[in-house]
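K.L.:
for reference, the sequence and a predicted model appear below.
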Amino acid sequence: MNALVLKLLVQRISLGLVLIFFVSIMIFLGTQILPGDVAQAILGQSATPESLANLREELGLNIPAYQRYLSWLGGVLQGDLGTSLTNGRDIGQSIADRMGNTLFLAAWAAIISVPLAITLGLISVLYRGRWPDKLISAVTLSAISVPEFMMSYILMYYVAVQLGWAPSVAMLNDRMSMLDKLHAISLPIAVLVMVVLAHMMRMTRAALLNVMQSAYIETAELKGIRRSSVIWRHAFPNSIAPIVNVVMLNMAYLVVGVVVVEVVFVYPGMGQYLVDHVAKRDVPVVQACGLIFAAVYIFLNMFADIVSILANPRLRHPK
Amino acid sequence: MDKPLLQIDNLTIEATAYPPGEAPRRITIVDGVSLSLEKGKVLGLIGESGAGKSTIGLSAMAYGRGGIELSGGEIHLNGREIRKARGRVLRSLRGAEVTYVAQSAAAAFNPAKRLMEQVTEAAITHGRATKAVAEKRAVDLFRKLGLPEPESFGNRYPHQVSGGQLQRAMTAMALCPQPDLVIFDEPTTALDVTTQLGVLAAIKAAIQDQGVAALYITHDLAVVAQIADDIMVLRHGKTVEYGTAEQIITAPKEEYTQALVSVVAKDHEEKNTDLPPILEVKGLRANYLGMTRDVLSNINVAIQPGTTLAVVGESGSGKSTLARVITGLLPLSAGQMVFDGRPLTPDQKSRSRDDLRELQMIYQMADVAMNPRQTVGTIIGRPLQFYFGMKGKVLRNRVVELLDEIELGEKFIDRYPAELSGGQKQRVCIARALAAKPKLIICDEVTSALDPLVAEGILKLLADLQEREQVSYMFITHDIATVRAIADTIAVMHLGKLVRYGKKSEVLAPPFDDYTDMLLKSVPELRMGWMEEVMGTAAE
């Protein structure tokens, strides 16, 4: 590790932190400008001016917005995400379980889709313009073109209902073994893999083809090296940066964007938790979820940039 | 006698072009070329760009770039026909029996891998050496090729070594599998002249040491004279002349070869004038943002009206930076510039329109200096509109006049840059500069990207224009032959300093300072045995 790399990394990480700070402001402001407030939402039809005023006082809604923001931010920094307005439970604790489930699902989808996407990308470059390349493109693009709820119901109907190979509802509990859990979430995993596969595979293919134009690829070919080795040993190390970037974008999607899939399969993850509480206008929960999703997004992109910096030999080994 | 190592008979190479809006058509790139090469001999392939010399070189590996197709004839390597070979057979000879040294070693090395891994890769892949043997061989080659710290040189990444060192490393990479034939494709063209000499000598010594045969491709006859046993002169994909090196250089039979041989020896008569200088630069200093070291330090030069100042130096000498400072693209940090008796502001943005008009610039890369979507008429007409407000018929007449001056004529007025040859493009750039009626034109390596005969034509045009228009030139170049052909005064630059400055007759006459001496001695001369003489005196 040298000074230049260290400087770039420190810069990138600071930028990430600043970004999260700004996002926290935007999330807070965003929930403030919604019409109506929590007191109205809780009381609904039975709201009288007096009961509204009382509840607002109780919930601290009369304090100026910036003070509420600062106390919220202070709490978040100490690990206190506040309490849910609708059920009075500690948000941090509720989210912890949900987040664990979401990450479990996302991690397995990633473990399957990332190596698969990169392998398919390598294969399609190896057989560029021939039938394996066209087949891979056709299949992955069709998979991404079908909306994910549609794909979910199709799989549910054929695999779960007709064939009975997997449960249609992805329920988890603590007594299940790892294998049982995987069996339970096999359909959501399949849907997620199909959604992210095409994007990553196309990007791997494009990045490799771009590098394949380089003079040093010709050098490798003129050494009489097999085409598969040329791609894997000479082209791939030079296309890591763009590939990692798109992989991380898709990882972020797996965590943040699974709402639909979680709802369809009634999976107890973050997505469903968020949807439930948006409907009830439970502002602290929405804020906490928003902040966590943003943090995941920013962190994964930051990670991609860090890998790109470390993968660059010019930065790793300066003159 | 044994069969030759490489025997090419009646080789035809074609490609399919897809011009927009027209039916695809076949283009013949190489037309009926035959050659043969014995073990341990060196054959020089020489010709202009587009002569098909690289294509022939790569055909010895049965390789065609892009859509190129080896469509006819026979190629025998070690007695085996390889033109129609495919797959495994091809792989078994590439990197084993034949290896390749590319023009730009900087692009030909994989930036993500250490040099040692790349140098030994072919030998190991083809089972011609174990890893240990190959690495030992590589270290020996590094040493023979004069690379620094040969033991640890291979641990470096390509970006950590200089261009000259990379070119040597590429030669080591080609020799490591102990091939029978090495193809050198312009291996020294991208290098500075002083670096070129060292690399060339190293290549020659390594070839002789290993006893390999070589195809040496270059456009520079003086370079090939130092290294080749036989020479083939190519033009438009056909053989012009094929004979021993001695015969081609001392007694060329064909007219084209004679022109190539004589192009080297142009000289220009020095003009003397007592007029006050058009441009005077005093105590000039410049540095790039964030760098403490001066890129230019204490530069003092002057250019007389109607004369040419040649600024000579290698890459990194600051010669192009000097042009950027004078044109105001890079503001100076100290010193002053006087143009036509009035001070010149350092920043181009604050200069008067007349200052801008009277100081024009022509660049090395004519194709990127023109908008590809504008016609020649629009390109040349733009300064006429901008500086003189010309329109309509007056404008067109003036453009035609300028086209006549650059010897192209009215028929070129509606052409696009893509429809011009390299030399014609540079002529259009000259006309564009001339249109502003400048007093000084800065020419930045304007002939470096051109073939020798075309470059000669451009230099002649510039000299004629100077005679007629009394315009002054600041001519930036790395090529001493060009300097001889055009300069009245010369400034020799090295590492941002002026090492020698004066009239041509004084600068190019002894006694020399060390750097100028080395620079002059490194320019290849068109006679055999020149390199040995220079290396001999250098060793003393």
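P.N.:
Okay, I see it.
K.L.:
how far away is residue A:171 from residue A:195?
P.N.:
Between residue A:171 and residue A:195 the computed distance is 22 Å (Cβ to Cβ, to the nearest Å). In this view, the C-beta of every residue, glycine as well, is placed from N, C-alpha and C.
K.L.:
the more surrounded of the two?
P.N.:
Per other Cβ atoms under 10 Å in any protein chain shown, whichever of residue A:171 and residue A:195 has more neighbours is residue A:195, with 24 against 13.
K.L.:
ok, and the closest non-adjacent residue to that one?
P.N.:
Once flanking residues are discounted, residue A:195 sits nearest to residue A:148: 5.3 Å by Cβ to Cβ, 6 or more residues apart in numbering or on different chains.
K.L.:
what does residue B:344 give?
P.N.:
Once chain neighbours are set aside, the closest to residue B:344 by Cβ to Cβ, 6+ apart is residue B:337, at 4.2 Å.
K.L.:
do residue B:425 as well
P.N.:
Nearest residue to residue B:425, sequence neighbours excluded (Cβ to Cβ, 6+ apart): residue B:366, at 3.7 Å.
K.L.:
from what I see, the one you found and residue B:428 are in contact.
P.N.:
Yes: in this structure, residue B:366 sits in contact with residue B:428. The criterion is Cβ atoms under 8 Å, and the distance is 7.3 Å.
K.L.:
in the stretch 101-250 of chain B, which spans are helices?
P.N.:
With DSSP state H, counting those that start in this stretch as the definition, the stretch 101-250 of chain B shows helices at residue ranges B:105-108, B:115-125, B:131-144, B:150-153, B:163-175, B:193-210, B:221-227, B:245-250.
K.L.:
what does the second one contact?
P.N.:
What that stands for is helix B:115-125. When contacts are taken as Cβ atoms under 8 Å, 6 or more residues apart in numbering or on different chains, the neighbours of helix B:115-125 outside the stretch itself are A:220, A:223-225, A:229, B:95-96, B:99, B:109-110, B:128-131, B:134-135, B:137-138, B:141, B:153-158, B:161, B:169, B:172-173, B:176-178.
K.L.:
6 Å - rerun?
P.N.:
A:223, A:225, B:95, B:129, B:131, B:134-135, B:138, B:154, B:156, B:169, B:172-173, B:176-177 (Cβ atoms under 6 Å, 6 or more residues apart in numbering or on different chains).
K.L.:
ok, now the first one?
P.N.:
The contact list for helix B:105-108, computed with Cβ under 6 Å, 6+ apart, reads A:215-216, A:219, B:102, B:163, B:166-167, B:170.
K.L.:
go on, the last one?
P.N.:
Contact partners of helix B:245-250, identified using Cβ under 6 Å, 6+ apart, comprise B:225, B:228, B:231.
K.L.:
in chain A, what secondary structure element scores lowest on mean pLDDT?
P.N.:
Least confident element among the helices and strands of chain A, by mean pLDDT, DSSP states H and E: helix A:38-43 (a mean of 71).
K.L.:
got a list of contacts for the helix or strand following that one?
P.N.:
The first helix or strand that comes after helix A:38-43 along the chain, using DSSP states H and E, is helix A:49-59. Surrounding helix A:49-59, the residues in contact under the criterion Cβ under 6 Å, 6+ apart are A:39, A:43, A:62.
K.L.:
show me what counts as buried in helix A:49-59.
P.N.:
Under the neighbour-count criterion of 16 or more other Cβ atoms under 10 Å in any protein chain shown, helix A:49-59 has A:52, A:55-56, A:59 buried.
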